[in-house]
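# Show me the folded form of this:
(2 chains)
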Amino acid sequence: MPAFPLLTFCIPNCIQYPVMKEAVLAVDWSSDEPVYEQIARQIRAQIASGSLPPGASLPPVRTLASDLGVNLNTVARAYRLLEDGGFVRIRHRSGAEVVAPASRPDATARERLRGQLRDVLERLRQAGVPPDELRRIAEREIAALQAGRAGDEGVIR
Amino acid sequence: MNPWAFLGMSALVNLVVAGFALLYPRVVRKGLLFGVYVGEEASEGEAARELTRGWNRAIPLSLVASLLLAAILAVSMPEPWSFVVPVHLQILAFLGLYVRWYFRAKALAPPGPPPPAVAPLFDTRRTSALLPALTLAAGVGCGAFVVAYAWSHYAELPATIPTHFGPSGEPDAFRPKSFFTVMLLPIMVLVLGTFLGGMTWLTAHAKRALRRSAERTSLEAQLRFRTAMTRYLSGVSLLAIAMLTMITVMTIRVGLGLDHRLPPAVAALAIAMGVLAVGGGIYLALRYGQGGARLEQARKDTPLTDGLADNRNWVLGMFYVNRDDPSFLVERRFGIGYTLNFGNPKAVALVAGFAALIVLLVVVAALTN
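Residues are numbered from 1 along each chain as shown, chains lettered A, B, ... in the order given. Now for the predicted structure:
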């Protein structure tokens, strides 16, 4: 967002919006995944990949809903989901702001998320993924996270 | 009015409309065809080209036929039918052609779900917010000023006041003073000024429709188009507001005997508004294309998204109806500019309310005159 509205008439758009040019999300109408989940998942992936750095502003709920042609409640639900996960901070009437990762892990949250991770691993195992493959998947995702890019389930581009 | 003079004006208007209709296939967003999303590949196929060639033949033929019919009716029918019927026949002929081509294009639309919706995760809507805000402020401000000005001079006005001015600027019609004859024009300026300013503001905040895998180019093109479109609408609106404000103030001043005629500036403003409206429209179409279509590099693998690509949300390719979508205005599929989301009750109520108010004022004006 330009700081001085008057300048918007004489500065090319490519200079006004130098960051986050690649930050877009897509909603697939043929997918079984609910739309709010699709939105939350992609924003999460972009935060993890660094496309949306800490402090970056997400568009207001109305703007995003209008652009995607979806209900306001759908986007609001996605933002709430992200807030619950500690990814964003919702601002009244002006969208949301990406939150920096916590400097020290909270013990309770850590245990809860570890439980969720175990649950996912168990489901993968039940789906027929062998332990070696499970380890490779986990290592690949951790490496992707450290390299600042999305893993297998990355940004839709 | 001389029927031939009216026919000449009508022919001029129809020539402009037909010109835009012929221009349309050259400036349309790739993937769209006569109000239908047929996909980027099909829109360049032989069937689509044949449809466009047929359109290019039908428009001039329809124009000539309707003008001939209009000429016959203009001299054979009594007033006001000699004016009303030919104009409406020409409009109906044009709409009939469009609907026929819409259904022919619909047969080319691909089956299955529409392409995914795509949205940028940053807000660019305030790019053009200042000028629309100024236009809205000018509309409300000038309207409030003329209402206050007319009301403050109401008691001083004589028993008869001018209600119409001829081409020379001299008053050529007078009516007895009443609340309606004095206040109707100022109230109309306030309503119309607010409406024009409001539509300009809404245009700057309209829904964005991007191209997948080419969002960056598409967004740049669309932002440039939107800025140009907002400037165009603001320019036309500001000229209209200035002209109407001047006419209202001068009507009161002529009524008070402080002046005898409208200044030449009123005619100059009217001409400037007409030139900007038509010339600006042609420039926008040729320079930017539909929604910036001529600036974006559309390829076959970069499909349109969102509101423009979803055929389920469009009735006859003209009316966007999406109850989930909170947008007020969306980009047109046929033509240049923006149209209302008829699925948004707030948008419909706002525009229908203003339109009803303007119609009511026109009817009251016609009855009191």
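
# contacts, neighbours, all on C-alpha from now
Fine.

# show me where pLDDT drops low in chain A?
By pLDDT under 70, the low-scoring segments of chain A are A:1-22, A:148-157.

# Could you pull up the mean pLDDT of the longest helix along chain B?
Longest helix in chain B, counting residues (DSSP state H): helix B:215-256. Taken as a whole, helix B:215-256 has a mean pLDDT of 88.

# what do you get for stretch B:301-320?
Stretch B:301-320 shows a mean pLDDT of 85.

# So which residues make contact with that stretch?
With contact meaning Cα atoms under 8 Å, 6 or more residues apart in numbering or on different chains, stretch B:301-320 is reached by A:67-69, B:31, B:34-37, B:39-40, B:99, B:102, B:114-118, B:209-214, B:321-322, B:330-334, B:339-343.

# Just the buried residues from the residues you listed, in ChimeraX please.
Selection of buried members from these for ChimeraX, criterion 16 or more other Cα atoms under 10 Å in any protein chain shown:
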select /A:67,68,69 /B:31,34,35,36,37,39,40,99,102,114,115,116,117,118,209,210,211,212,213,214,321,322,330,331,332,333,334,339,340,341,342,343
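
# if we can go back for a sec, list the helices and strands the longest helix of chain B packs on?
Applying 3 or more Cα pairs under 8 Å, 6 or more residues apart in numbering or on different chains; DSSP states H and E, one finds that helix B:215-256 contacts helix A:13-16, helix B:130-152, strand B:160-165, helix B:179-204, helix B:264-287.

# circling back: mind checking which of the contacts of stretch B:301-320 land in helices?
Per DSSP H, the contacts of stretch B:301-320 map to helices at A:67-68, B:99, B:102.

# ok, so of the residues you listed, who is nearest residue A:60?
Using Cα to Cα, residue A:67 comes nearest to residue A:60 of these, at 10.9 Å.

# how close does that closest one sit to residue A:93?
As for residue A:67, its distance to residue A:93 is 17 Å (criterion: Cα to Cα, to the nearest Å).

# Mind putting the ones in helices among the contacts of stretch B:301-320 into TSV with distance to residue A:139?
What follows is the ones in helices among the contacts of stretch B:301-320, written out as TSV (distance: Cα to Cα, whole Å):
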residue	distance to residue A:139
A:67	36
A:68	34
B:99	58
B:102	54
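
# so which of the residues you listed comes closest to residue B:4?
residue B:99 (30.4 Å).

# ok, that closest one to chain A distance?
Residue B:99 is 26 Å from chain A, where distance means Cα to the nearest Cα, to the nearest Å.

# Not counting sequence-adjacent ones, nearest residue to that residue?
residue B:316 (7.1 Å; Cα to Cα, 6 or more residues apart in numbering or on different chains).

# Let me see the backbone angles for that neighbour.
Residue B:316 adopts backbone torsions of phi 60, psi 20, taken as degrees, to the nearest 10.

# what do you get for residue B:62?
Dihedral pair for residue B:62: phi -60, psi -40, per degrees, to the nearest 10.

# Also residue B:169?
Main-chain torsions, residue B:169, degrees, to the nearest 10: phi 100, psi -10.

# count of neighbours near it?
Using other Cα atoms under 10 Å in any protein chain shown, residue B:169 has 15 neighbouring residues.

# wait, doesn't it sit right on residue B:268?
No. Using Cα atoms under 8 Å, residue B:169 is not in contact with residue B:268, being 11.8 Å away.

# Save the helices and strands packed on helix B:215-256 as TSV, and put in mean neighbour count too.
TSV is the format used below for the helices and strands packed on helix B:215-256 (neighbours: other Cα atoms under 10 Å in any protein chain shown):
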stretch	mean neighbour count
helix A:13-16	13
helix B:130-152	20
strand B:160-165	18
helix B:179-204	22
helix B:264-287	16
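
# Using JSON lines, lay out these together with distance to residue A:77.
Conversion of those to JSON lines gives the following (distance: least, Cα to Cα, whole Å):
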{"stretch": "helix A:13-16", "distance to residue A:77": "30"}
{"stretch": "helix B:130-152", "distance to residue A:77": "31"}
{"stretch": "strand B:160-165", "distance to residue A:77": "57"}
{"stretch": "helix B:179-204", "distance to residue A:77": "26"}
{"stretch": "helix B:264-287", "distance to residue A:77": "39"}
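
# so which of these gets nearest residue A:76?
helix B:179-204 (22.5 Å).

# Report the mean per-residue pLDDT for that closest one.
87.

# how near is the closest residue to residue A:95 other than its chain neighbours to residue B:95?
Closest residue to residue A:95 apart from its sequence neighbours, by Cα to Cα, 6+ apart: residue A:60 at 3.5 Å. For residue A:60, the distance to residue B:95 (Cα to Cα) stands at 39 Å.

# just checking, residue B:208 touches residue A:69?
No. Residue B:208 sits out of contact with residue A:69 when judged by Cα under 8 Å, with a separation of 9.8 Å.

# I would like the residues contacting the helix or strand encompassing residue A:109, please.
For residue A:109, the enclosing helix or strand under DSSP states H and E is helix A:107-126. With Cα under 8 Å, 6+ apart as the test, helix A:107-126 has contacts from A:131, A:134.

# could you dump that helix to PDB, C-alpha only?
Below are the C-alpha coordinates for helix A:107-126, written out as PDB (Å, rounded to 0.1, in the frame of the first residue of the first chain):
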ATOM      1  CA  ALA A 107       5.600 -26.100  25.700                       C
ATOM      2  CA  THR A 108       1.800 -26.700  25.500                       C
ATOM      3  CA  ALA A 109       1.500 -25.800  21.800                       C
ATOM      4  CA  ARG A 110       4.600 -27.900  21.100                       C
ATOM      5  CA  GLU A 111       3.000 -31.000  22.600                       C
ATOM      6  CA  ARG A 112      -0.300 -30.400  20.900                       C
ATOM      7  CA  LEU A 113       1.300 -30.000  17.500                       C
ATOM      8  CA  ARG A 114       3.500 -33.000  18.100                       C
ATOM      9  CA  GLY A 115       0.400 -35.000  18.700                       C
ATOM     10  CA  GLN A 116      -1.100 -33.800  15.400                       C
ATOM     11  CA  LEU A 117       2.100 -34.700  13.600                       C
ATOM     12  CA  ARG A 118       2.000 -38.200  15.100                       C
ATOM     13  CA  ASP A 119      -1.600 -38.500  14.000                       C
ATOM     14  CA  VAL A 120      -0.600 -37.600  10.400                       C
ATOM     15  CA  LEU A 121       2.300 -40.000  10.400                       C
ATOM     16  CA  GLU A 122      -0.100 -42.800  11.700                       C
ATOM     17  CA  ARG A 123      -2.500 -42.000   8.900                       C
ATOM     18  CA  LEU A 124       0.200 -42.100   6.300                       C
ATOM     19  CA  ARG A 125       1.400 -45.400   7.700                       C
ATOM     20  CA  GLN A 126      -2.200 -46.700   7.600                       C
END
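
# buried stuff in it?
With burial defined by 16+ other Cα under 10 Å, the residues of helix A:107-126 counted as buried are residue A:121.

# Can you tell me how far residue A:30 is from chain B?
Residue A:30 is 6 Å from chain B, by Cα to the nearest Cα.

# Which secondary structure state is assigned to that residue?
Each residue gets one of three states, and residue A:30 gets coil by DSSP: H, G, I helix; E, B strand; the rest coil.

# show me what contacts it?
Counting by Cα under 8 Å, 6+ apart, residue A:30 makes contact with residue B:113.

# Angles on the backbone of it, please.
Dihedral angles for residue A:30 - degrees, to the nearest 10 - are phi -90, psi 0.

# can you check residue A:97 too?
According to degrees, to the nearest 10, residue A:97 has phi -120, psi 140.

# so what's it closest to, chain neighbours aside?
Once flanking residues are discounted, residue A:97 sits nearest to residue A:57: 4.5 Å by Cα to Cα, 6+ apart.

# same check, this time on residue B:348
Nearest residue to residue B:348 in three dimensions, chain neighbours excluded: residue B:342, at 5.9 Å (Cα to Cα, 6+ apart).
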